[in-house]
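Peer 1: Quick one, fold the following:
(one chain, ligands or ions: 1)
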Amino acid sequence: MTAPRGCWPNQLLVNAHLMDFLLTPYLVAGICAALVVACSFKLLRRPNLDHIPVVGPSSLLASYWFTKGLEVDHTERFVQEGYDKYKSRAFRVASLTHWVVYLHRSHLQDVAMTPEDHLSFNHAADNAFRTEYTFGLNINDDYHLPLIRLTLSRNLSVLYADLRDEIVAACNEYLDLKHNEWKTISAVQATLKIASRASNRILVGLPLCRDSDWLDMNINLPRAVVDEARILRLFPSFMVPSVSAVALLFVTNLSERTRLGFVFLGPVIKERLQHMEAEGTDWDNKPNDFLQWCMDSKEETSLTSLTRRIIAINFAGIHTTSNTFSEALLNLAENPQYAQALREEVEAVVSNYGWTKEALSKMRKVDSFLKETQRFEGLSVLGLSRKAMSDITLADGTFIPQGTFLAFPAHAMHHDDAVYENPNMFKPFRFADMRNKEFEGSRHQMVAITPDLLSFGLGRHTWWA
Ligand code: HEM
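Peer 2: Numbering: from 1, shown residues only. So this is what the prediction gives:
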């Protein structure tokens, strides 16, 4: 499916005269001045963190030289250094635009239990992605969360057959293996496609979940959003609305991505709306997917915002899933000696339970392999990113002023020998062994949320908690 151009009603038309004017030296000077003012405000308004020790560059701007421009690739080294040095204390590391205070394991429960209006996941995510300008969604408008946490979790057993069907169809198409032949594939590209199809089978159903243009749009989205948000982060939040027209025109691609998303989703939504108008809440073959749950909730009626929401959930789901999956495949390629044990387990369990959700919970070695992959590689150096919305004093007396960005050094914690034996060794059946030592040991399952592994977070923002 290709997108017709120029059909989006809110599209901005820019003519050559306007561009000539906009690109004059006056405008360039104006933007530079705005940036200087913005940076000064940002520096003046930052919370006072003098009581928290610094690791790495000692000022925000100095961090620029250590971070190769906008590529923040030394964070891991500084965070590990701080973790080793300060043991049970908080420390801070500079990013280009703000300090991040890294907390200790003993602060985990405190942070997980603190309500959103004091320690905010949404505001931290907004700082990272500038959601209003990149996705067009208000950060507090999160009615989709109970739909993911409750409705999706409740429906997983029913949806499992669809999910499996989609994964098998996607593997057949993208791997296209004949008999016992060997072929070279990109693990990252293949898993991205498989994960995006599987997620979209649950999000929007057939046939859209198989539309390669829709999938490509969602797969390519994170790179664009991260780049756009990096530029917007240079402006303090209070300035962003006043530069929003410029931001929406030059920095973010929101209207184009909404328009394109609508080209794919619009007909699907309209068809469902017709059913809802004609037949009420139920009809033959009514879809059971996330889009339909959103529509049934009647929380939003605008087609634009529904489109934007589905795009945002795709953003949250695809790369997280495919990254875990591709890392696991690469670990298996590096350690082929474990393939036989995994295969035997799958064959034995499936012969007893079939391909069911229940069977998955019996596959202890497979589950452990995936969980160890998350521990060993992890998606991110940090976990549980939050923004303090008020002054907070943690149980051990650590004072966190309003406006501070917090996180936990997830990678360092996952590699701490006080928590894991031989933490720097990839031990695929580490968690299966732990489970076998205990009666049921479900707390060592991949989906169990524990302070020892922050891959899915902790507290209310882990969506099945
Ligand atoms: C292996 C796969 C995944 C990983 C590792 C992962 C990881 C995470 C993490 C670390 C958080 C933040 C939690 C916190 O800071 O407390 C999060 C939040 C979230 N994830 Fe995932 N995720 C995965 C798959 C998915 C999928 C498939 C979806 C969508 C269908 C999804 C939707 C969300 C949403 C909506 C949130 C925000 C929750 C909130 O605002 O309360 N995730 N995820």
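Peer 1: Can you pull out the low-pLDDT segments for the stretch 151-300 of the chain?
Peer 2: 236-250 (pLDDT under 70).
Peer 1: residues from it in reach of the ligand?
Peer 2: The stretch 151-300 of the chain comes close to the ligand at residues residue 199, as judged by CB under 6 Å from any ligand atom. C-beta coordinates here come from the backbone N, C-alpha and C atoms, glycine included.
Peer 1: For the stretch 151-300 of the chain, which residue gets nearest to the ligand?
Peer 2: At 5.4 Å from the ligand, residue 199 is the closest residue in the stretch 151-300 of the chain, using CB to the nearest ligand atom.
Peer 1: Now do the contacts for that residue.
Peer 2: By CB atoms under 8 Å, 6 or more residues apart in numbering, the residues touching residue 199 are 314, 317-318, 321.
Peer 1: For the stretch 301-450 of the chain, what lies in contact range of the ligand?
Peer 2: Remark: the part of the stretch 301-450 of the chain in contact with the ligand comprises 313, 316-317, 320-321, 324, 379, 384, using CB under 6 Å from any ligand atom.
Peer 1: Which members of the residues you listed occur in helices, if any?
Peer 2: 313, 316-317, 320-321, 324 (DSSP state H).
Peer 1: Surely residue 375 and residue 456 touch.
Peer 2: No - contact criterion CB atoms under 8 Å: residue 375 and residue 456 do not qualify, at 11.9 Å.
Peer 1: higher neighbour count, the two?
Peer 2: Using other CB atoms under 10 Å as the criterion, residue 375 and residue 456 rank with residue 375 on top: 24 against 19.
Peer 1: Where does the more buried one sit, in terms of helix or strand?
Peer 2: helix 364-376 (DSSP states H and E).
Peer 1: and that helix, what does it pack onto?
Peer 2: Contact here means 3 or more CB pairs under 8 Å, 6 or more residues apart in numbering; DSSP states H and E; on that basis helix 364-376 packs against helix 303-334, helix 339-353, helix 430-437.
Peer 1: Tabulate the CA atom coordinates of the last one in CSV.
Peer 2: Extracted C-alpha coordinates of helix 430-437, given in CSV (Å, rounded to 0.1, in the frame of the first residue of the first chain):
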residue,chain,number,x,y,z
ARG,A,430,20.9,-20.0,35.6
PHE,A,431,17.3,-19.2,36.2
ALA,A,432,16.0,-22.7,35.3
ASP,A,433,18.4,-24.1,38.0
MET,A,434,17.1,-21.6,40.5
ARG,A,435,13.5,-22.6,39.6
ASN,A,436,14.3,-26.3,40.0
LYS,A,437,15.8,-25.7,43.4
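Peer 1: what angle sits between it and helix 364-376?
Peer 2: 130 degrees (axes from the mean of the first three to the mean of the last three CA atoms, to 10 degrees).
Peer 1: Identify each buried residue in helix 430-437, please.
Peer 2: Under the neighbour-count criterion of 16 or more other CB atoms under 10 Å, helix 430-437 has 430-432, 435 buried.
Peer 1: quick check: mean pLDDT across it?
Peer 2: Averaging pLDDT along helix 430-437 yields 91.
Peer 1: Can you check what angle separates it from helix 339-353?
Peer 2: Computed with the same axes, to 10 degrees, the direction of helix 430-437 lies at 50 degrees from that of helix 339-353.
Peer 1: list the helices and strands helix 430-437 packs on?
Peer 2: Applying 3+ CB pairs under 8 Å, 6+ apart, one finds that helix 430-437 makes contact with helix 364-376.
Peer 1: which residues touch the helix it packs on?
Peer 2: 324, 327-328, 331-332, 338, 341-342, 345-346, 360-361, 414, 420, 426-433, 435-436, 444-446, 453, 455.
Peer 1: Tell me the buried residues in it?
Peer 2: Residues of helix 364-376 classed as buried by neighbour count (16+ other CB under 10 Å): 364-376.
Peer 1: and of these, the nearest to the ligand?
Peer 2: Of all the buried residues of helix 364-376, the ligand sits closest to residue 374, with 6.7 Å by CB to the nearest ligand atom.
Peer 1: Tell me how far the closest one lies from residue 323.
Peer 2: 9 Å (CB to CB, to the nearest Å).
Peer 1: for residue 223, same thing?
Peer 2: 14 Å.
Peer 1: neighbour-wise, which of these two wins?
Peer 2: The residue with more neighbours, out of residue 223 and residue 323, is residue 323; 20 against 10, by other CB under 10 Å.
Peer 1: tally of neighbours for the closest residue to that one other than its chain neighbours?
Peer 2: Leaving aside its chain neighbours, residue 323 sits nearest to residue 379 (5.7 Å; criterion: CB to CB, 6 or more residues apart in numbering). Counted with other CB under 10 Å, residues neighbouring residue 379 total 17.
Peer 1: In this structure residue 379 contacts residue 321, no?
Peer 2: No - using CB under 8 Å, residue 379 is not in contact with residue 321; the gap is 10.2 Å.
Peer 1: and the helices and strands packed on helix 364-376, which is most packed in?
Peer 2: A comparison of the helices and strands packed on helix 364-376 by mean neighbour count, using mean count of other CB atoms under 10 Å, puts helix 303-334 on top with a mean of 20.
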